[in-house]
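S.K.: let's see this in three dimensions:
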Amino acid sequence: MLGPVTGTPNTVRSGALSDLCGANIILKLENLQLTGSFKPRGAYVKLAGLTDKEKKAGVAAASAGNHAQGVAYHARNLGVPATITMPEGTPFTKVGRTKALGAKVVLTDIDEDEGRKAADELGCSFHRLDVASEGEWDALAAAFPAIDVLVNNAGITGFEDGPAPHDPENASLAEWHRVHSVNTDGCFLGCRYALRAMKAQARAGGTGSIINMSSRSGLVGIPGAAAYAASKAAMRNHTKSVALYAAQQGWAIRCNSIHPAAILTDIWEPMLGDGPDRDAKMAALVADTPLKRFGTVEEVAATCVFLASADSAYMTGAELTLDGGLLAGSAASPGS
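M.R.: Just a heads-up that it's a prediction; the model follows:
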């Protein structure tokens, strides 16, 4: 028991609902919480329930938003060392808020110059990680031997250096291996690291969450990007293998995959270019998407936060699509 409830903060009476229902309706406004959401409450319950030994060892979490801030805030107040890992694309405002709440924020990336530059701008630390390198994962494990959440987010399409044949007939074996070394090997190495870094706390009754960033391309065939589609399909299936393995061990370590479609990130730049036809290319790329737009990094980050949190505690081996309705079918009128 953490103690008796002495009050419920952030409540207001709703006159409109009270009149409508003929009763006194009180609303608890989660947007008035410190981070603008309910996340700090779950973070407090988890941190307050740690043993003295566990509190001394500290906690680690991966989040791009409200969960990070909740952990940082209550870890500071409870005197628990906290390390928060945030993806490079996290909005500066959220990184700044998390850092201000007392957490140690770590950015990881293969590009040291850009990674360190981003870390300096954000006022946090940087750890180099080439996800295709077993040695660099070992180094990460030495630096962070225990974690709560891992997001396998690194990936390449094969088109980073410009147009190249990636269809099943003309793709080179070298290009096939290059794409799979990052997308498939990186997923395998990341999941293995996470299982090893989470199992001790899982055996003690703790939890863990592994989030693999697959793709809409992992659910359908992509003739012009065969290596990419195959690698993302492999990530989807490995997610399920990891989920079942962890469950077989009796560990509360969940593993789920996210399948975004067209999310506007730098990965699209080689295809979009910076010419006068850029807008036309963007429109063409999402022409078949019912919502007729690219998704945003923030929308993907919000899904990661959900999978990292206790809100998704009964989800493992699942796949979540973020595709603007693309895989739902056609939005065209019958007969059109």
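S.K.: over to Ala61. Which of the three states is it?
M.R.: Put simply, Ala61 is strand when judged by DSSP: H, G, I helix; E, B strand; the rest coil.
S.K.: that one bridge partners, please.
M.R.: Ala61 has these beta-bridge partners by DSSP bridges: Ile84.
S.K.: list the contacts for it?
M.R.: Residues near Ala61 by Cβ atoms under 8 Å, 6 or more residues apart in numbering: His67, Ala68, Val71, Ala82, Thr83, Ile84, Thr85, Ile147, Asp148, Val149, Ala308. Heads up, the C-betas are built off the backbone N, CA and C, glycines and all.
S.K.: count the residues that sit near Ala283.
M.R.: By the criterion of other Cβ atoms under 10 Å, Ala283 has 11 neighbours.
S.K.: actually Asp148, not the one I typed
M.R.: 24.
S.K.: ok, it - contacts?
M.R.: Val59, Ala60, Ala61, Ala62, Met198, Gln201, Gly206, Thr207, Gly208, Ser209, Ala308.
S.K.: hang on, the earlier thing: from the contacts of Ala61, pick the one nearest Leu47.
M.R.: When those are compared for distance to Leu47 (Cβ to Cβ), Val71 wins out at 7.4 Å.
S.K.: isn't that closest one up against Ser63?
M.R.: Yes - at 7.4 Å, Val71 counts as touching Ser63 under the criterion of Cβ atoms under 8 Å.
S.K.: what do the two both touch?
M.R.: Counting by Cβ under 8 Å, 6+ apart, the contacts common to Val71 and Ser63 are Ile84.
S.K.: avg pLDDT for the longest helix along the chain?
M.R.: Counting residues, the longest helix found in the chain (DSSP state H) is helix 173-203. Confidence over helix 173-203, taken as the mean pLDDT, stands at 95.
S.K.: packing partners of that helix?
M.R.: Judged by 3 or more Cβ pairs under 8 Å, 6 or more residues apart in numbering; DSSP states H and E, helix 173-203 is in contact with helix 134-143, strand 149-152, strand 207-213, helix 226-248, strand 252-260.
S.K.: skip ahead from the last one and say which helix or strand is next.
M.R.: Read in the C-terminal direction, the helix or strand following strand 252-260 is helix 269-272, with elements assigned using DSSP states H and E.
S.K.: for that following helix, packing partners?
M.R.: With contacts defined as 3+ Cβ pairs under 8 Å, 6+ apart, helix 269-272 has these neighbours: helix 278-285.
S.K.: buried residues in the helix it packs on?
M.R.: Neighbour-count burial for helix 278-285 flags Met282, Leu285 (criterion: 16 or more other Cβ atoms under 10 Å).
S.K.: i'd like the first residue to be 3 from this point on
M.R.: That works, and once the first residue is 3, the last one we named lands at helix 280-287.
S.K.: output that helix as CSV, nothing but the C-alphas.
M.R.: Only the C-alpha atoms of helix 280-287 are listed here, as CSV (Å, rounded to 0.1, in the frame of the first residue of the first chain):
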residue,chain,number,x,y,z
ARG,A,280,8.5,18.6,-54.6
ASP,A,281,4.9,19.4,-53.7
ALA,A,282,3.6,17.4,-56.6
LYS,A,283,5.8,14.4,-55.6
MET,A,284,4.5,14.6,-52.0
ALA,A,285,0.9,14.7,-53.3
ALA,A,286,1.6,11.7,-55.6
LEU,A,287,3.1,9.6,-52.8
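S.K.: how far is it from where the chain is centred?
M.R.: Counting by Cα atoms, centre = their mean, to the nearest Å, helix 280-287 is centred 27 Å from the centre of its parent chain.
S.K.: run through this structure and note the low-pLDDT ranges.
M.R.: Within the chain, the stretches with pLDDT under 70 are 3-12, 32-39, 79, 90-91, 93-96, 98-99, 101-108, 124-125, 332-338.
S.K.: the domain parsing of it - what is it?
M.R.: 3-34, 39-330 (automatic domain parsing).
S.K.: most packed of these?
M.R.: Burial of the domains of the chain is given as mean neighbour count (mean count of other Cβ atoms under 10 Å); domain 39-330 ranks first at a mean of 18.
S.K.: so which of the contacts of Asp150 is the closest to Ser174?
M.R.: Closest approach between these and Ser174, by Cβ to Cβ: Ala64, at 34.9 Å.
S.K.: doesn't Thr159 belong to a strand?
M.R.: No - under three-state DSSP, Thr159 falls outside any strand and is assigned coil.
S.K.: show me what contacts the nearest residue to it once chain neighbours are set aside?
M.R.: What sits nearest to Thr159 in space, not counting adjacent residues and going by Cβ to Cβ, 6 or more residues apart in numbering, is Tyr230, at 5.0 Å. Residues in contact with Tyr230 (Cβ under 8 Å, 6+ apart) are Ile158, Thr159, Gly160, His168, Val181, Asn185, Ser217, Ser219, Ile224.
S.K.: ok, now Ala206?
M.R.: Counting by Cβ under 8 Å, 6+ apart, Ala206 touches Glu56.
S.K.: if we can go back for a sec, can I get the contacts of Ala63 in JSON lines with distance to Ser174?
M.R.: As requested, those are exported to JSON lines (distance: Cβ to Cβ, whole Å):
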{"residue": "His69", "distance to Ser174": "42"}
{"residue": "Ala70", "distance to Ser174": "41"}
{"residue": "Val73", "distance to Ser174": "45"}
{"residue": "Ala84", "distance to Ser174": "46"}
{"residue": "Thr85", "distance to Ser174": "41"}
{"residue": "Ile86", "distance to Ser174": "40"}
{"residue": "Thr87", "distance to Ser174": "35"}
{"residue": "Ile149", "distance to Ser174": "37"}
{"residue": "Asp150", "distance to Ser174": "40"}
{"residue": "Val151", "distance to Ser174": "36"}
{"residue": "Ala310", "distance to Ser174": "38"}
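S.K.: okay then, goodbye and thanks.
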